[in-house]
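Undergrad: Sequence first, then the predicted structure, then my questions.
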Amino acid sequence: MLPKPRFCSQCGAAVETRMIDGKPRDVCSACDAHVYQNPPPLAACVVLNERREVLLVKSKHDSEEATWSLPMGFADAGETIAEAAPRQLKEKTGLEARLIRLLHADSSKSPDHGDLLIVTFELEKVGGKEAPGAEIETLAYFPHSRCPKLAFSAHEKALRTCADSHLEEWMIHDSFERLQTNDTKVMLSDALVGLIKDDSDEIARLWITEICEGPTTASYAKADQAKLLERASTALSQFGRWLSGHEADQEVAEFYFNIGRERRAQGFSNHEILSALMLLKKQIWIFARSRGVWKRPIDVYRVLELNRRIVVFFDKAMYHTTRGFEAESTT
């Protein structure tokens, strides 16, 4: 605890403690001026690099050896706490940064300064190079989820708030990276894939109704409806397994190659077969879009990501179906 003031800053008389409104208050014994010891405000800074690591520092003046903390410092007179954050970051780490958002505000205790009010901001690096300032022993980046124990609980709370604020953004980024590299282990659109599997019979029935009534698939009206339903349900099940990584490309190729060959033998034209596949793709998309939510960016991305996966799957399906149709026609 910091020592209490002994003399009034207004008149220099001795300070005494009185009970005011049920609480002990420090008051000047001569002029009755209240003597306050409000917690001084500090601006703390969360800076993340492209690997989602947070910048931490060790102070030369830390009373506890080898204690890490966020870069922070006191606000100057006439300076807002938001203005203090980038200034303190530059002084402590050499980085120039712009303010992104207020993350957290909390009280903490310091053996050197007593009660503190720590206001933490997230900042984005825009220039400079990481280098310890005059008061800093060393600095380093750490994974935001595996930081060492920090000097202040307020810093730990601020880091959790920061991670929460980036959660959806990072989930979208990670899912997009997996989409680009065809790594389908965990995708944001998997929830919609599961719904498609669960309602495959309903989607198949809607598809059969459309192809039997549509002008581009007239031959399907004469086909065995039960067999069409069975085939459609198998195709939807295979679609779900393929998106989940449980169906090899070779199995998909063989399935649709056989569809093309069988449909030609049954008297279907190639354009009707391809139109039927496009209409199945349409029904899957309509279903997924009706089940998707369009309120948050992550919900919108989930539906659009699934659409990309649907397109890739049906491109393969149409290609192998045409191969099967043409192979039969040349024998």
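TA: Great, that's in hand.

Undergrad: Now do the helices in the stretch 51-200 of the chain.
TA: Residue ranges of the helices in the stretch 51-200 of the chain, as given by DSSP state H, counting those that start in this stretch, are 81-93, 153-180, 190-198, 200-213.

Undergrad: what is the mean pLDDT for the longest one?
TA: Across helix 153-180, the average pLDDT comes to 92.

Undergrad: What helices and strands are in contact with it?
TA: strand 41-47, strand 95-110, strand 114-128, helix 297-329 (3 or more C-beta pairs under 8 Å, 6 or more residues apart in numbering; DSSP states H and E). Using the backbone N, CA and C atoms, a C-beta is placed for each residue, glycine as well.

Undergrad: repeat for the third one
TA: In terms of contact count using 3+ C-beta pairs under 8 Å, 6+ apart, helix 190-198 is assigned the packing partners helix 225-243, helix 270-291, helix 297-329.

Undergrad: Tell me which residues of it come out buried.
TA: Judged by neighbour count (16 or more other C-beta atoms under 10 Å), helix 190-198 contains these buried residues: Asp190, Leu192, Val193, Leu195, Ile196, Lys197.

Undergrad: which residues touch the fourth one?
TA: If you count contacts by C-beta atoms under 8 Å, 6 or more residues apart in numbering, Leu195 has them with Phe287, Ala288, Arg291.

Undergrad: thinking again about what came up before, closest one to Leu89 among the helices and strands packed on helix 190-198?
TA: Using C-beta to C-beta as the measure, helix 297-329 is the one of these that comes nearest Leu89, at 28.4 Å.

Undergrad: Could I get the pLDDT score of the closest residue to Glu53 other than its chain neighbours?
TA: Nearest in space to Glu53, with sequence neighbours left out and distances taken as C-beta to C-beta, 6 or more residues apart in numbering, is Tyr141 at 3.8 Å. Turning to Tyr141, the model gives it a pLDDT of 97.

Undergrad: just checking, Tyr141 touches Glu50?
TA: No: counting by C-beta atoms under 8 Å, Tyr141 does not reach Glu50; the two are 10.3 Å apart.

Undergrad: neighbours around the nearest residue to Val54 once chain neighbours are set aside, how many?
TA: Closest residue to Val54 apart from its sequence neighbours, by C-beta to C-beta, 6+ apart: His144 at 4.8 Å. For His144, the count of nearby residues is 19 (other C-beta atoms under 10 Å).

Undergrad: mind giving me a markdown table with the helices of the stretch 51-200 of the chain and columns for distance to Val126?
TA: Output for those, formatted as a markdown table (distance: least, C-beta to C-beta, whole Å):
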| stretch | distance to Val126 |
| --- | --- |
| helix 81-93 | 9 |
| helix 153-180 | 18 |
| helix 190-198 | 37 |
| helix 200-213 | 49 |
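
Undergrad: Between the helices and strands packed on helix 153-180, which one is closest to Gly12.
TA: Set against Gly12 and scored by C-beta to C-beta, those come closest in strand 114-128, at 23.4 Å.

Undergrad: what angle separates that closest one from helix 153-180?
TA: Here the directions of strand 114-128 and helix 153-180 differ by 30 degrees (axes from the mean of the first three to the mean of the last three C-alpha atoms, to 10 degrees).

Undergrad: List the buried residues for strand 114-128?
TA: Residues of strand 114-128 classed as buried: Leu116, Leu117, Ile118, Val119, Thr120, Phe121, Glu122, Leu123, Lys125 (neighbour count, 16+ other C-beta under 10 Å).

Undergrad: Show me where the stretch 151-300 of the chain dips below the pLDDT cut-off.
TA: Residue ranges of the stretch 151-300 of the chain with pLDDT under 70: 184, 245-247.

Undergrad: one step back: relative to Glu135, which of the helices of the stretch 51-200 of the chain is closest?
TA: Counting by C-beta to C-beta, Glu135 lies closest to helix 81-93 out of these; the figure is 6.7 Å.
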